[in-house]
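In: Make a model of this:
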Amino acid sequence: MAAAMNWRSARMISRIGLFSWSIVQIAGCDSAAPAPVDDPARRMLVAGLAERVMLPNYREFAARAAALEAASAQWAGSGSEAERAAAQAAWRAANEVWQRAELHSLGPAGMNLSVAGGLDLRDEIYAWPLVNRCRVDQETVARVWETPGALAAEAVNARGLGALEYLLFRADAGNACAPLSTLNTDGSWAALGDAEVASRRAAYAREAARLVREAADALVAAWEPSQGGFVTQLSSAGTTSALFSSSQAGLNAVSDAMLYLEEAVKDMKLAAPGGLSTDCVAMTCPELLEAPVAHASKESVRANLRGFEALFLGAPAGTEAYGFDDLLVEVGAGALAATMRAALAAALAAVDAVPGTFDEALAPGNAAGQAAFVAAYDAVKALTDAQKTQFLTVLDLELPNRLDADND
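Out: Residues are numbered from 1 along each chain as shown. I've put the predicted structure just below:
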């Protein structure tokens, strides 16, 4: 519970400073890092992860965000179910890449003034768990997208990939607000009718997708060596970098981002809906799943694990590269590297073994599904337990203050 709440509160700051991050302003952000450690292996690892994993992921996401924008515009223009299905497929494709990128939300994707080079761009793209479906319905009534700049000025819980999931996948013309909410008591929602609700959701989705694409482009620009240059800042940690005074500081920034697996995946995406934390007071709480409207929660967790895998191995699976596992071997912790590789494989297998969607697995009376879901949680926990203890200790990486009190 503590870790989940800390991670949730850490995402409350969500204003954007697109292209103007100041090195002078945030150069002290790594001051709490361990004493500088500069060796060729750590520098090679950080540079490789930046150039082979992180920037390529962001480039791929920008391409998929552009495809999502185009598909959403097609749906808004035609209103056909075929175009809506195409937009849904584009959302799934974009979401899969973004979920991998969630494991490296450092630099421009991170929070301004909290991480080195932070620009708040993560929340502009995907602010989960800050998703307010009722607010999306309220803005649907108000036609907020029709006023230039109005949707961009809205809180992040009413836009981004989270709002798009709801707009694209909600099958009926109902709303997510309480019966006593104004749009229900004053009749403004009922007055729309089914066809108008569908039309407005499509128009809303078109504008929301455009904003996601713009944020994705800004994120890539902030990383590109020829533009914002964050990839160079990270790759040159300990040499010419103005943001990271040592290769160890750069490595710690990557490690902090990888703890998303502990804070968000284990605690929030699995423990909470599975009835394994105090966030859920029932046997299970499928309403707490990450993407319940698209029923994409299982796919998102799998992609999160793949994102962790790429960072741990140094490149996507199947590609030989220098990764954290190789660094562990070089410092005499080959057994830990093998343990974590095995735990990662077991976690992926356990998630895949959950029958059907996570929603179906957690449904009342589905004992087999619930048991498989718990097994997936246990498998992910085995990996994160090694990550936040032996892994950090062996590599002299610091556990962030937000996790100091987390003992589970």
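
In: what residue is smack in the middle of the chain?
Out: residue 102 (3.4 Å; C-alpha atoms, centre = their mean).

In: Neighbours of the nearest residue to that residue once chain neighbours are set aside, how many?
Out: In this structure, residue 102 finds its nearest non-sequential neighbour in residue 260, 5.5 Å apart by C-beta to C-beta, 6 or more residues apart in numbering. For the C-beta atoms, the positions are set from N, CA and C on the backbone; glycine is no exception. For residue 260, the neighbour count with other C-beta atoms under 10 Å is 19.

In: Quick one: residues contacting residue 260.
Out: Counting by C-beta atoms under 8 Å, 6 or more residues apart in numbering, residue 260 touches 102, 103, 105, 304.

In: before we move on, the earlier item: my read: the residue nearest to the centre of the chain touches residue 307, true?
Out: Yes: using C-beta atoms under 8 Å, residue 102 is in contact with residue 307, at 6.4 Å.

In: Mind listing the shared neighbours of those two?
Out: In contact with both residue 102 and residue 307: no residue, using C-beta under 8 Å, 6+ apart.

In: What's the first helix or strand after the helix or strand bottoming out on mean pLDDT in the chain?
Out: Every helix and strand in the chain was compared by mean pLDDT, DSSP states H and E; the lowest is helix 23-26, with a mean of 33. Per DSSP states H and E, helix 23-26 leads on to helix 40-49 as the next helix or strand towards the C-terminus.

In: where does residue 8 land on pLDDT?
Out: pLDDT recorded at residue 8 is 35.

In: Show me the shaky parts of this structure.
Out: 1-38, 401-408 (pLDDT under 70).

In: can you do 50?
Out: 1-36, 405 (pLDDT under 50).

In: pull the longest helix from it.
Out: helix 193-223 (DSSP state H).

In: neighbouring contacts of whichever helix or strand comes after that one?
Out: Next helix or strand after helix 193-223 toward the C-terminus (DSSP H and E): helix 230-235. Helix 230-235 has contacts (C-beta under 8 Å, 6+ apart) with 46-47, 50-51, 54-55, 106-108, 116-117, 222-225, 241-244, 250, 253.

In: Show me how far helix 230-235 is from its chain's centre.
Out: 21 Å (C-alpha atoms, centre = their mean, to the nearest Å).

In: Need the CA coordinates for the helix or strand that that helix is followed by. CSV is fine.
Out: Where DSSP H and E defines the elements, the next helix or strand beyond helix 230-235 is helix 247-258. Taking C-alpha atoms only, helix 247-258 is exported to CSV below (Å, rounded to 0.1, in the frame of the first residue of the first chain):
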residue,chain,number,x,y,z
SER,A,247,28.3,6.8,-14.7
GLN,A,248,26.9,5.6,-11.4
ALA,A,249,24.5,8.5,-11.3
GLY,A,250,23.3,7.7,-14.8
LEU,A,251,23.0,4.0,-13.8
ASN,A,252,21.0,5.0,-10.8
ALA,A,253,18.6,7.0,-12.9
VAL,A,254,17.9,4.0,-15.0
SER,A,255,17.5,1.8,-12.0
ASP,A,256,15.0,4.2,-10.3
ALA,A,257,12.9,4.1,-13.4
MET,A,258,13.0,0.3,-13.6
